[in-house]
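Participant: Sharing a model prediction with you, sequence too.
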2 protein chains.
Amino acid sequence: MGFLDRVQAAMEKNNSLLCVGLDPSPERFPASIRTMEKPVFAFNKAIIDATADLVCCYKPQAAYYHACGAEDQLAMTIDYIRTQYPAIPVILDSKRGDIGSTASQYAIEAFERYQADAVTVNPYMGIDTIEPFSSYADKGTVVLCRTSNPGAAAIQNLSVQQANGESAMLYEVIARMCQEQWNENNNILLVVGATNPAELKRIREITGDMTFLVPGLGTQGGDVEATVNNGLNSQGKGIIVNSSRGIIYASGGDDFAQAARNAAIELRDQVNFYR
Amino acid sequence: MGFLDRVQAAMEKNNSLLCVGLDPSPERFPASIRTMEKPVFAFNKAIIDATADLVCCYKPQAAYYHACGAEDQLAMTIDYIRTQYPAIPVILDSKRGDIGSTASQYAIEAFERYQADAVTVNPYMGIDTIEPFSSYADKGTVVLCRTSNPGAAAIQNLSVQQANGESAMLYEVIARMCQEQWNENNNILLVVGATNPAELKRIREITGDMTFLVPGLGTQGGDVEATVNNGLNSQGKGIIVNSSRGIIYASGGDDFAQAARNAAIELRDQVNFYR
């Protein structure tokens, strides 16, 4: 079963389009976790056990593990999901991008070392940075298209003159390349932020039923109703709605896992309400 | 002393614009190294000891360390350079890029965990992905501008309509943003591939005396004379010429370090011949 089939199955099993982002900052853990030998894994395990029946995937953010030298705990986290909750796929959010020979090494990192089901990739270097990932046909390659951060527009909304003489914004050009040229194995997804629903709608128009990873709800301020209305595909799916800090840090106390569960239920239900 | 000052000093000390890329693939090591307990570090150490008087910096490529789980040996490598050859700065080539809060974690990885002197960064997500790096004023932030890989042109050479009504290629727009808007701490460099000298010349015109990291000579086929002629700034410097595989795998036998030294001398001297 390919990555997109596995995500679809998890969406149906848990009636959920929610992805929980695992972005562990040890300084935000309760003291009872922070003092453990493997605090990052302990924190993630508690979050996963509290939310695995509520999500369609998990998304560990590589930067947080690299910053504190916790690659072993990233591996333990992904392995824990794979063995305890095999129905839930894992997107490694590492936004890799490099020339082909180097991108191949990053693909080995994501898919062989960590056994992730999908990885996020930056398109600035073109198809040779995408293909080493997307050639793993049963894995997902999630290409940055229109990101949720304030500075993104200065680049991604640049007006590009296309070969046909028409102009389009850079993010539209990337979306079209992914749809028409880069998706040979039908395993490309796009990152499309929730912070601008009109752009989400535009990318939906360009890409048919392609699946989007949608960050930017919660802490970053995206609107659930507008995201769902503009993002869903013709199957009433097609969006993986990510929330990280809004869920995993719903409480800073010893009740953090229960609080994360409550926050996950609330966001899952909000998304389902507007579907 | 800031990163650019340290690079300048190393350029003068060793009369060299050469950067040796440390991209270790254990399967390409001689058997005598491959069977060691820390083969990646042993290989790097031999290369470094053989070339430290010939280079202006070193550039470990993060992907190769991540692929084989050798983060500890990446740390050992950078630490070895810092302690044994403190005049030679280290660029961590990891092409990071993410929203501000996450980019801050990648900056901690590069500058605090590994104590690198500079890091490569992808501009697709805009200024919030650059600033967490460039705010470390004494470190270098090396922004991808026009990369050396075959697929780069499909994105980086897109024709962009600018606010003043004129059109420019995307890489030119990035170069200008780096020069005019993003370089508050005067510590931004650009990645400009050697594979297209006309574009190298164009980026030199846009950015004055900014320093470029120039990959693409050697294995990738760039021409030394054209690179030097088009890349040098008004000070007769301004380019850090990188070679990785062409130097570190000059021989696959037990003479790999001596062969690397010979290859480094040859490329350094070729570059100096055209200066």
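Facilitator: Arrived safely.

Participant: and whichever residue of the stretch 1-150 of chain A sits closest to chain B, what does it touch?
Facilitator: The minimum distance from the stretch 1-150 of chain A to chain B, using C-beta to the nearest C-beta, falls at A:Gly126 (3.1 Å). (C-beta placed from N, C-alpha, C; glycine too.) Residues counted as contacts of A:Gly126 (C-beta atoms under 8 Å, 6 or more residues apart in numbering or on different chains) are B:Asn149, B:Pro150, B:Gly151, B:Ala152, B:Ala153, B:Ala154, B:Ile155, B:Gln156.

Participant: Quick check: phi and psi on the residue lying closest to it once chain neighbours are set aside?
Facilitator: Leaving aside its sequence neighbours, A:Gly126 sits nearest to B:Gly151 (C-beta to C-beta, 6 or more residues apart in numbering or on different chains; 3.1 Å). Per-residue torsions, B:Gly151: phi -80, psi 0 (degrees, to the nearest 10).

Participant: Doesn't A:Ile81 lie inside a strand?
Facilitator: No - assigned with DSSP: H, G, I helix; E, B strand; the rest coil, A:Ile81 falls outside any strand and is helix.

Participant: That one contacts A:Tyr58, doesn't it?
Facilitator: Yes - when contacts are counted by C-beta atoms under 8 Å, A:Ile81 is listed as touching A:Tyr58 (5.8 Å).

Participant: okay, and the common contacts of the two?
Facilitator: Common contacts of A:Ile81 and A:Tyr58 (C-beta under 8 Å, 6+ apart): A:Ile48, A:Ile88, A:Val90.

Participant: would JSON lines of those residues with secondary structure, neighbour count and pLDDT be doable?
Facilitator: JSON lines is the format used below for those (DSSP: H, G, I helix; E, B strand; the rest coil; neighbours: other C-beta atoms under 10 Å in any protein chain shown; pLDDT from 0 to 100):
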{"residue": "A:Ile48", "secondary structure": "helix", "neighbour count": "22", "pLDDT": "98"}
{"residue": "A:Ile88", "secondary structure": "coil", "neighbour count": "26", "pLDDT": "98"}
{"residue": "A:Val90", "secondary structure": "strand", "neighbour count": "26", "pLDDT": "98"}
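
Participant: just the helices in the stretch 101-250 of chain A please.
Facilitator: Along the stretch 101-250 of chain A, counting by DSSP state H, counting those that start in this stretch, helices occupy A:127-134, A:153-156, A:170-180, A:197-207, A:224-231, A:245-248.

Participant: right, so of these, which gets closest to A:Gly218?
Facilitator: Among the helices of the stretch 101-250 of chain A, the nearest to A:Gly218 by C-beta to C-beta is helix A:245-248 (2.9 Å).

Participant: Run through the neighbouring helices and strands of that closest one.
Facilitator: Applying 3 or more C-beta pairs under 8 Å, 6 or more residues apart in numbering or on different chains; DSSP states H and E, we find helix A:245-248 packed against strand A:18-22, helix A:39-51, helix A:256-274.

Participant: Take the ones you listed and lay them out in a markdown table including distance to A:Gln181.
Facilitator: Shown next, in a markdown table, are those (distance: least, C-beta to C-beta, whole Å):
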| stretch | distance to A:Gln181 |
| --- | --- |
| strand A:18-22 | 27 |
| helix A:39-51 | 37 |
| helix A:256-274 | 31 |
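
Participant: most packed of those?
Facilitator: A comparison of the helices and strands packed on helix A:245-248 by mean neighbour count, using mean count of other C-beta atoms under 10 Å in any protein chain shown, puts strand A:18-22 on top with a mean of 26.

Participant: Counting by contacts, list what that one packs against.
Facilitator: Judged by 3+ C-beta pairs under 8 Å, 6+ apart, the packing partners of strand A:18-22 are helix A:39-51, strand A:57-60, strand A:239-243, helix A:245-248, helix A:256-274.

Participant: And those: which comes nearest A:Glu172?
Facilitator: With C-beta to C-beta as the criterion, A:Glu172 lies closest to strand A:239-243 of these, at 18.1 Å.

Participant: report the angle between the axes of that closest one and helix A:256-274?
Facilitator: Computed by axes from the mean of the first three to the mean of the last three C-alpha atoms, to 10 degrees, the angle separating strand A:239-243 from helix A:256-274 equals 150 degrees.

Participant: now strand A:239-243 and helix A:197-207, what's the angle there?
Facilitator: If you take the same axes, to 10 degrees, strand A:239-243 sits at 150 degrees to helix A:197-207.

Participant: hey, C-alpha coordinates of strand A:239-243 in CSV?
Facilitator: Extracted in CSV, the C-alpha atoms of strand A:239-243 (Å, rounded to 0.1, in the frame of the first residue of the first chain):
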residue,chain,number,x,y,z
ILE,A,239,-6.1,17.8,3.4
ILE,A,240,-3.9,16.6,6.3
VAL,A,241,-4.5,19.3,8.9
ASN,A,242,-1.4,19.7,11.1
SER,A,243,-1.2,21.2,14.5
